[in-house]
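Novice: with the input below, show me the fold.
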Amino acid sequence: MKVGLIQQSNTGNREENIAKLSRNIAVLAAQGAGLIVLQELHNGLYFCQTENTMVFDQAEPIPGPSTEYFGQLAALYGVVLVLSLFERRAAGLYHNTAVVIEKDGSIAGKYRKMHIPDDPAYYEKFYFTPGDLGFQPIDTSVGRLGVLVCWDQWYPEAARLMAMAGADVLIYPTAIGWESTDTEAEQLRQQDAWVTVQRGHAVANGLPVISCNRTGYEADPSGVTNGIRFWGHSFVAGPQGELLATAPDDDEANMLVEVDLARAEQVRRWWPFFRDRRIDEFGDITKRWRM
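Specialist: Numbering: from 1, shown residues only. Below is the predicted model:
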């Protein structure tokens, strides 16, 4: 399967962002991509740097304008798209939601982000209710997609549950970057940890991992912090954690990567982690802490 990833920088002009995404989708489709993954909250700026009730006006229903628009593109180019949207479920109830669009433009399924961070410049708990759809892969014409979102990528339990439900690949739309006061050494540690933990999910579950991050600088509207420089570095790893492709840190990129979904079967025969799991001793994993 040929997978496309669109790593781009965004501005406050929603129409321009979507137009750029549309051009990039066309480019990757022309190159043979069957699946194209977009970054987290791809239509606009990463608005969670501040807490502002007016931002809820940006949320939209699913189905809604974005699923209709990108559904038309998916049908036009014959590709499966992974979107990342600010979902308005009801007044006062919003989610960070990934939507998978099938090649015919229909909605194949959606996933609501389960793990919601609350850190300086990442005030997501103000905006997003934790997901309630569980860790269920989405069936498509290109395979069963285990779609998760950003902060979910730090949790091995989420990846494991997707794998146990039959996912063929793990996919992470992402928005992560550096705060400017971090030292260069700290920045490198953070990025390396981010890559390492996701490659670990590939190894532990014998599955390819697709991680699509945004890039570019976005100012803090409040001026309290120095904003976020999203570190890009989108990548695809194979089922042994091997890096198949990596995007630059500080530039936009359209990546086209060949992913062999069938190879996971052979890797799992070599490394039968699922056979040897001591599930009879794992009951405490559902507890917050063991002391």
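Novice: show me the helices in the chain, by range?
Specialist: Applying DSSP state H to the chain gives helices spanning 14-30, 65-77, 156-164, 184-205, 263-270, 273-276.
Novice: between those, which gets nearest to Arg214?
Specialist: Nearest to Arg214 among these is helix 14-30 (10.4 Å), distances taken as Cβ to Cβ. Using the backbone N, CA and C atoms, a C-beta is placed for each residue, glycine as well.
Novice: Tyr172 contacts Trp151, correct?
Specialist: No. Counting by Cβ atoms under 8 Å, Trp151 is not a contact partner of Tyr172; they are 9.6 Å apart.
Novice: settle it for me: which of these two has more neighbours?
Specialist: Counted by other Cβ atoms under 10 Å, Tyr172 and Trp151 do not tie: Tyr172 has more neighbours, with 29 against 23.
Novice: returning to that earlier point: buried deepest among the helices of the chain, which one?
Specialist: helix 156-164 (a mean of 20; mean count of other Cβ atoms under 10 Å).
Novice: send me that helix as CSV with only the CA atoms.
Specialist: C-alpha atoms of helix 156-164 as CSV (Å, rounded to 0.1, in the frame of the first residue of the first chain):
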residue,chain,number,x,y,z
PRO,A,156,1.0,1.5,25.0
GLU,A,157,-2.4,0.3,26.2
ALA,A,158,-4.1,2.2,23.4
ALA,A,159,-1.9,0.7,20.7
ARG,A,160,-2.2,-2.8,22.2
LEU,A,161,-6.0,-2.6,22.3
MET,A,162,-6.2,-1.5,18.6
ALA,A,163,-3.8,-4.3,17.7
MET,A,164,-5.9,-6.9,19.6
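Novice: tell me what it is packed against?
Specialist: When contacts are defined as 3 or more Cβ pairs under 8 Å, 6 or more residues apart in numbering; DSSP states H and E, helix 156-164 sits against strand 143-147, strand 169-174, helix 184-205.
Novice: ok, now which ones touch Gln136?
Specialist: Counting by Cβ atoms under 8 Å, 6 or more residues apart in numbering, Gln136 touches Gly109, Tyr111, Met162, Ala165.
Novice: now with 6 Å?
Specialist: Applying Cβ atoms under 6 Å, 6 or more residues apart in numbering to Gln136 gives the contacts Ala165.
Novice: any idea how far it is from Gln153?
Specialist: 17 Å (Cβ to Cβ, to the nearest Å).
Novice: again with Gly32
Specialist: Gly32 is 27 Å from Gln153, by Cβ to Cβ.
Novice: which of the two has more neighbours?
Specialist: Gln153 (22 against 12).
Novice: so that one touches Tyr172, yeah?
Specialist: Yes. Gln153 is within contact range of Tyr172, at 4.6 Å (criterion: Cβ atoms under 6 Å).
Novice: still on that earlier bit, got the helices of the chain as TSV, with distance to Asp251 columns?
Specialist: Below are the helices of the chain laid out as TSV (distance: least, Cβ to Cβ, whole Å):
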stretch	distance to Asp251
helix 14-30	13
helix 65-77	24
helix 156-164	28
helix 184-205	15
helix 263-270	30
helix 273-276	36
